[in-house]
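Asker: Sharing a model prediction with you, sequence too.
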Amino acid sequence: MKLLLSIAITLLRARFKQTLVAAVGVTFGITMFVTLLSFMSGLNHMLDSLVTNRTPHIRLYNEIRVDSVQPILLASKNPKAYHFIQSLKASNARKEIYNANKIMNALSIDPRVVGFSRKVSSPVFFNDGTIDISGFMNGIDAEKEVPLFHFQDYVIKGNPQDVKNIPNSIIVGKPLAELLFADIGDVVQVTTAAGERFQLKIVGLYQSGLADFDKTQSFASIATVQKILGKGSGYITDIQVKLTDMNAAPLIAKEYGNVFELDAQDIQAANQQFETGTRVRNIISYAVGITLLVVAGFGIYNILNMMIYEKMDTIAILKATGFSGKDVKRIFLLISIIIGISGCMAGLVLSNLLCRAITHIPFSSAAVPTVKTYPVDFNVSFYVIAVLFSLLTTWFAGWFPARKASKVDPVVIIRGK
Amino acid sequence: MAEPILTAKNIVKSFSDPIEFEVLHSVNLEIQKGEFTAIVGKSGCGKSTLLYILSTMDTDYKGSLSIDGERMTGLKEKELARVRNEKIGFVFQFHYLLNEFTVLKNVMLPALKLNKFPLAEIEAKAMQKLQVLGMEDLAHKPAFQLSGGQKQRVAIARSLINDPIIIMADEPTGNLDSKNSQVVFDTFMELSVKFNQTLLVVTHDNSFAQSTGRIIEMDDGRIVNETKNLPLQ
């Protein structure tokens, strides 16, 4: 094997330029493959995090709905009869979560839960002169929202902790603030659905990147929202849960829904379109990357084929002096794999440099205020995939010419001259 | 008489392209150790075809072939390659060195393939073979820089490296001028006389053939005449 390797290397050195061209093909393929995947994955993560960072893995709440057990069903008369009830309305709908404290105690000892935060949300009107702008007011635990849901990343002006520290304060979405001609320090008037009016001081501007969302959202402390709704301190409408494993969310959501007798929505159900988008983008980048490598493979195939035609004499003499067809095949496979490995190594280094360069290109978008340069995902698995795939391609690209070389009949070559 | 080195029985070779055509009709041949045999004949009489069958490179024939008491007919390609490596040395008309390698490496390659001796020993042996042929000064030159006569002598050195029981040559002087032909012929003569090397040479050079120990004349796919010269001095 060592002998075959030394023959392969000698043949390669004799055709250094061709070898280089073939290797550069692989290098290019690998570079583009890894760079493309890293860049795409970086963008995917960024786009996904727009949603996933802000979205709880499981949201526990009470949906307003018609009671499934209507009074007439409880009547013992004619138990087998079917009741037609028309024009049902939900009544006494309470958005409040019952036994919120017990649920939170249960969550805090559940090992699958990283953390949770309470929330009180309510539709409100923001009054600007004679115009009412409808929106939502969310009462949040600032000290829990920050570590669990990256709340501080989206408060582009002001301090998120201020909603807790300053009484009657509010953080509003940036587009909403623009509509209201308000900035930090200004006071806005909020009207609740029940008609109560409150003056709240803006302490921060919020921007999540989803413009329509930002136009309607505002955040205040839980106590503030409870106060404007005229509710007690036990009034909670949502519990947002962050899990250790996001993928387990659908199952755990189902379990919580049953145990706590609440509506539980998992992140996958809430954001299906994002997962679809991510998958499609991944498929596209893999397809392009693999195409590049296959093209590089064809380059190797061509050059090896040419080499075999040039080296017919060499092959014939090797066979005449006692090298078997298998040895000859191995020599040409080795040539191909050497081209593949050297091209691949160079490609890995180059792609890493290219990725590093990309992370320095400025990127500013109103949608992602925290990102200043293009995101790149330096994931080792892309490099591993690239190495495996390039070895596979070069092996196949080498195999067919090598088999051809092994079948060369020395008699034909030696006599045919 | 001792066991012959090479025995060929009823060798029939036919080409089927474009029409069925028999080029060798039941050829029988035995070669004894130390014999210097020349096969002569007109162009197209089948002498080269016979040589390539005897050399085990051409396996598409009928009949049977044994080398050194071992039956070759029906052996696998890999086995035949081993036999060629170990027992047969080749010299061709077009000297066929590997241009990518140095002269020394060219000579060493069959021994490296055989892999019986350590590298240093192979190298020393290759140098010694080159010395026999007066080529030791050129050992580290790339093969393509050599002249035709020099290449042919290197090819002979290569054929000797594994101490083969027989050396086969196909028109070894066919592509050389008379001076170089003489050198090659003298080399063969020396191998035969000094080292009692068995040689089988296909040639159409009559003066070459006349000086060998045994002349086999072929015509139209048959051995038509065989002459034994006086034993060489």
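Answerer: Perfect, thanks for sending it. As the structure is a prediction and not an experimental result, all values here were calculated from the model. Numbering: from 1, shown residues only, chains lettered A, B, ... in the order given.
Asker: CA atoms for contacts and neighbours, from now on please.
Answerer: OK.
Asker: Count the neighbours of residue 17 for me.
Answerer: In the absence of a named chain, chain A is used. 11 (other Cα atoms under 10 Å in any protein chain shown).
Asker: Switch to chain B, please.
Answerer: Other residues close to residue B:17 by other Cα under 10 Å number 7.
Asker: got the CA coordinates for whichever helix in chain B runs longest in CSV?
Answerer: Longest helix of chain B, by residue count under DSSP state H: helix B:178-195. Extracted in CSV, the C-alpha atoms of helix B:178-195 (Å, rounded to 0.1, in the frame of the first residue of the first chain):
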residue,chain,number,x,y,z
SER,B,178,23.0,-1.1,-35.0
LYS,B,179,25.4,0.1,-32.4
ASN,B,180,22.9,0.0,-29.6
SER,B,181,21.5,-3.3,-31.0
GLN,B,182,25.0,-4.8,-30.6
VAL,B,183,25.2,-3.5,-27.0
VAL,B,184,21.8,-5.1,-26.1
PHE,B,185,22.8,-8.3,-27.9
ASP,B,186,26.1,-8.4,-26.0
THR,B,187,24.2,-7.9,-22.8
PHE,B,188,21.9,-10.8,-23.5
MET,B,189,24.9,-12.9,-24.4
GLU,B,190,26.7,-12.0,-21.2
LEU,B,191,23.6,-12.9,-19.2
SER,B,192,23.3,-16.2,-20.9
VAL,B,193,27.0,-17.2,-20.7
LYS,B,194,28.0,-15.7,-17.3
PHE,B,195,24.8,-16.1,-15.3
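Asker: mind pulling up the phi and psi values for whichever residue of chain A sits closest to chain B?
Answerer: Per Cα to the nearest Cα, residue A:322 is where chain A lies closest to chain B, at 3.8 Å. Main-chain dihedrals, residue A:322, degrees, to the nearest 10: phi 110, psi 10.
Asker: residue ranges for the helices of chain B, please.
Answerer: Using DSSP H, helices in chain B cover B:47-54, B:77-87, B:103-114, B:119-132, B:148-160, B:178-195, B:206-210.
Asker: Domain ranges for chain A, per the record?
Answerer: Following automatic domain parsing, chain A resolves into domains at A:2-52+A:274-416, A:58-66+A:92-267.
Asker: What average pLDDT does the last one get?
Answerer: Translated: domain A:58-66+A:92-267. For domain A:58-66+A:92-267, mean pLDDT rounds to 85.
Asker: Next, the buried residues of stretch B:180-199.
Answerer: If you call a residue buried by 16 or more other Cα atoms under 10 Å in any protein chain shown, then stretch B:180-199 has these buried ones: B:180-181, B:183-185, B:187-189, B:191-193, B:197-199.
Asker: number of nearby residues for residue B:39?
Answerer: The burial count for residue B:39: 23, using other Cα under 10 Å.
Asker: Could you check the pLDDT of it?
Answerer: 86.
Asker: Just the CA trace of stretch A:184-197, in CSV.
Answerer: The C-alpha trace of stretch A:184-197 is given here as CSV (Å, rounded to 0.1, in the frame of the first residue of the first chain):
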residue,chain,number,x,y,z
ILE,A,184,-39.5,58.5,26.6
GLY,A,185,-40.7,60.8,29.5
ASP,A,186,-44.0,61.6,27.8
VAL,A,187,-47.3,60.6,29.2
VAL,A,188,-49.9,58.6,27.3
GLN,A,189,-53.5,58.1,28.1
VAL,A,190,-54.8,54.6,28.2
THR,A,191,-58.5,53.6,28.3
THR,A,192,-59.5,50.1,29.3
ALA,A,193,-62.4,48.1,27.7
ALA,A,194,-64.3,48.9,30.9
GLY,A,195,-63.9,52.7,30.2
GLU,A,196,-61.3,53.5,32.9
ARG,A,197,-58.7,56.1,32.0
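Asker: distance between it and the chain's centre?
Answerer: 37 Å (Cα atoms, centre = their mean, to the nearest Å).
Asker: Of all the strand elements in chain A, which one is longest?
Answerer: Secondary structure of chain A per DSSP state E: the longest strand is strand A:113-128.
Asker: what does that one rub up against?
Answerer: A:107-108, A:132-141, A:144-145, A:148, A:180, A:188-193, A:222, A:225-226, A:235-244 (Cα atoms under 8 Å, 6 or more residues apart in numbering or on different chains).
Asker: which of these count as buried?
Answerer: Neighbour-count burial within the contacts of strand A:113-128 applies to A:107, A:133-141, A:145, A:148, A:180, A:188, A:190-192, A:222, A:225-226, A:235-243; the criterion is 16+ other Cα under 10 Å.
Asker: How many residues are close by the nearest residue in space to residue A:264 that is not next to it in sequence?
Answerer: Of all residues not flanking residue A:264 in the chain, residue A:60 sits nearest, at 4.6 Å (Cα to Cα, 6 or more residues apart in numbering or on different chains). Residue A:60 has 24 neighbouring residues, counting by other Cα under 10 Å.
Asker: Make sure the residue of chain A closest to chain B is actually in contact with residue B:87.
Answerer: No - counting by Cα atoms under 8 Å, residue A:322 does not reach residue B:87; the two are 9.5 Å apart.
Asker: In terms of neighbours, single out the busier of these two.
Answerer: residue A:322 (27 against 20).
Asker: what's the spacing between the more buried one and residue B:113?
Answerer: Separation of residue A:322 from residue B:113 (Cα to Cα, to the nearest Å): 7 Å.
Asker: what touches both of the two?
Answerer: residue B:85.
Asker: where's the residue in chain B that chain A sits nearest to relative to residue A:311, distance?
Answerer: Chain B approaches chain A most closely through residue B:85 (3.8 Å), counting by Cα to the nearest Cα. The gap separating residue B:85 from residue A:311 is 20 Å, by Cα to Cα.
Asker: quick one: which of those two has more around it?
Answerer: The residue with more neighbours, out of residue B:85 and residue A:311, is residue B:85; 27 against 16, by other Cα under 10 Å.
Asker: OK, contacts around the closest residue to that one other than its chain neighbours?
Answerer: Of all residues not flanking residue B:85 in the chain, residue A:322 sits nearest, at 3.8 Å (Cα to Cα, 6+ apart). The contact partners of residue A:322, by Cα under 8 Å, 6+ apart, come to B:80-86, B:110, B:113.
Asker: Just grab the bridge partners of the nearest residue to residue B:41 once chain neighbours are set aside for me.
Answerer: Leaving aside its chain neighbours, residue B:41 sits nearest to residue B:218 (4.9 Å; criterion: Cα to Cα, 6+ apart). For residue B:218, the beta-bridge partners under DSSP bridges are residue B:41, residue B:223.
Asker: Which residues are in contact with residue B:218?
Answerer: Applying Cα under 8 Å, 6+ apart, the residues near residue B:218 are B:39-42, B:45-47, B:224-225.
Asker: My guess is residue A:168 contacts residue A:199. True?
Answerer: Yes - at 7.5 Å, residue A:168 and residue A:199 qualify as touching, with contact defined as Cα under 8 Å.
Asker: Quick check: the most centrally placed residue in chain B vs residue B:159, distance?
Answerer: With distances taken as Cα atoms, centre = their mean, residue B:168 lies nearest the centre of chain B, 1.2 Å away. Per Cα to Cα, residue B:168 is found 9 Å from residue B:159.
Asker: Overlap of the contact sets of the two?
Answerer: Common neighbours of residue B:168 and residue B:159 (Cα under 8 Å, 6+ apart) are B:88-91.
Asker: can you give me how far the longest helix of chain B is from the chain middle?
Answerer: 14 Å.
Asker: What lies in contact with that helix?
Answerer: B:34-36, B:133, B:149, B:152-153, B:172-173, B:197-199, B:208, B:232-233.
Asker: now that helix against helix B:119-132, angle please.
Answerer: Here helix B:178-195 runs at an angle of 120 degrees relative to helix B:119-132 (axes from the mean of the first three to the mean of the last three Cα atoms, to 10 degrees).
Asker: what about helix B:178-195, average pLDDT?
Answerer: 82.
Asker: now that helix against helix B:148-160, angle please.
Answerer: Using the same axes, to 10 degrees: helix B:178-195 against helix B:148-160 is 20 degrees.
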